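1. could you look at this predicted model? Sequence included:
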Amino acid sequence: MSRAGELSLGQWATLACTLEVCAPKPGNVHRGADFEDVTLQDFLASAIAIGPVFDQAESLSLGKLILRSVQATSHVCRTNTNLGMLLLFAPLAMASPEEDLQIAARLVVERSTAKDAQDIYEAIRLANPGGMQPTDEHDIAGQAPPHILEAMHLAADRDFIARQYVSGFADLFDTVVPLLTDPARASRSLSQRIVHAHVALMAAFPDTLIARKNGPELALQSSMIAQRVLDAGPPFSEDYLEQLSNLDFWLRCHEHKRNPGTTADMIAAGLLVCLQQKLIAPPFA
């Protein structure tokens, strides 16, 4: 429940998704670039669809919050637009406002049940994310483990979202939030800060969606090209923008199999943290 004049939790979740997708990040859908099979309108509809579900977060379990959000998304969109975001958003939304947000989100995951794991597995199967490969243990097509952390531990070396679950959201709070709130970029627009944070995160952590679809070597190559943007000069200088354009062109080759989707999920979750903690607040001008 929100106080008068404040946005609700569901509105924060919708706003975080909207801010992320509208910023012109290299290789992603944004207000100036669609993919053939998914558009900006799909992401906006998905963002709106999850708002009412997240407004019920206090009365839902972790698994139910994720599953109902994926179900709500499926009513407005034919492809996966937000599974990674929802996996990150849900523990943050359920965290007690009386506790440190990172610690509380970790506790939400640790205290989740076998039924939560079953619901999360069902949500993943319904969303049907790209690049998923069969695994010998705790495969998503089979039975869920007794605790979702068992599956996340097995996936942590190949999936950035799973790594947040097992690390207590370390990269989200230690890297993404500081990138989005860097005082050195305070004079830039929020959209520019999101783009720069996205590139810096890509440079620091090879995108795991790119790795799943194309292999780890190409993911590492994407990270190196992102680093060239950072090395080119001050953010949004002429040389920086030239390298940013080169990165965007390279990522959009081969249809959109080089889409840095996991990086985008992390940026969206970082934005939700910033909104919850009022590190970023509207109006944004």
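-> That came through fine.
2. pLDDT weak spots in this protein?
-> Where the chain drops to pLDDT under 70, the residues are 1-5, 285.
3. now the spatially most central residue of it, nearest residue through space, not along the chain?
-> Centroid-nearest residue in the chain, with Cα atoms, centre = their mean: Asp265, separated by 1.3 Å. Once flanking residues are discounted, Asp265 sits nearest to Gly84: 3.3 Å by Cβ to Cβ, 6 or more residues apart in numbering. Placement of C-beta: from N, CA and C, glycine included.
4. contact partners for the one you found?
-> Contact analysis of Gly84 by Cβ atoms under 8 Å, 6 or more residues apart in numbering lists Pro129, Ile161, Leu209, Gly261, Thr262, Ala264, Asp265.
5. what's the farthest-apart pair in these?
-> Taking Cβ to Cβ as the measure, the contacts of Gly84 span a maximum distance of 12.8 Å, between Pro129 and Ala264.
6. compare those two (neighbour count), which wins?
-> More crowded of Pro129 and Ala264, by other Cβ atoms under 10 Å: Ala264, with 29 against 18.
7. please report how far the more buried one lies from Ser61.
-> 26 Å (Cβ to Cβ, to the nearest Å).
8. still on that earlier bit, just confirm the residue nearest to the centre of the chain contacts Phe89, I think it does.
-> No. At 9.3 Å, Asp265 and Phe89 do not qualify as touching, with contact defined as Cβ atoms under 8 Å.
9. and Ser61, how far from Met94?
-> Ser61 is 9 Å from Met94, by Cβ to Cβ.
10. these two - which one has more neighbours?
-> Met94 (22 against 18).
11. in contact with the spatially closest residue to the more buried one that is not a sequence neighbour, which residues?
-> Nearest residue to Met94 in three dimensions, chain neighbours excluded: Val108, at 4.7 Å (Cβ to Cβ, 6+ apart). Val108 sits next to Leu62, Ala90, Pro91, Met94, Ala95 when contact means Cβ under 8 Å, 6+ apart.
12. try 6 Å this time
-> Leu62, Pro91, Met94, Ala95 (Cβ atoms under 6 Å, 6 or more residues apart in numbering).
13. in JSON lines: those, plus secondary structure.
-> Shown next, in JSON lines, are the contacts of Val108 (DSSP: H, G, I helix; E, B strand; the rest coil):
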{"residue": "Leu62", "secondary structure": "helix"}
{"residue": "Pro91", "secondary structure": "helix"}
{"residue": "Met94", "secondary structure": "helix"}
{"residue": "Ala95", "secondary structure": "coil"}
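14. mind checking which of the residues you listed are buried?
-> Listed as buried from the contacts of Val108 are Leu62, Pro91, Met94, Ala95; burial here means 16 or more other Cβ atoms under 10 Å.
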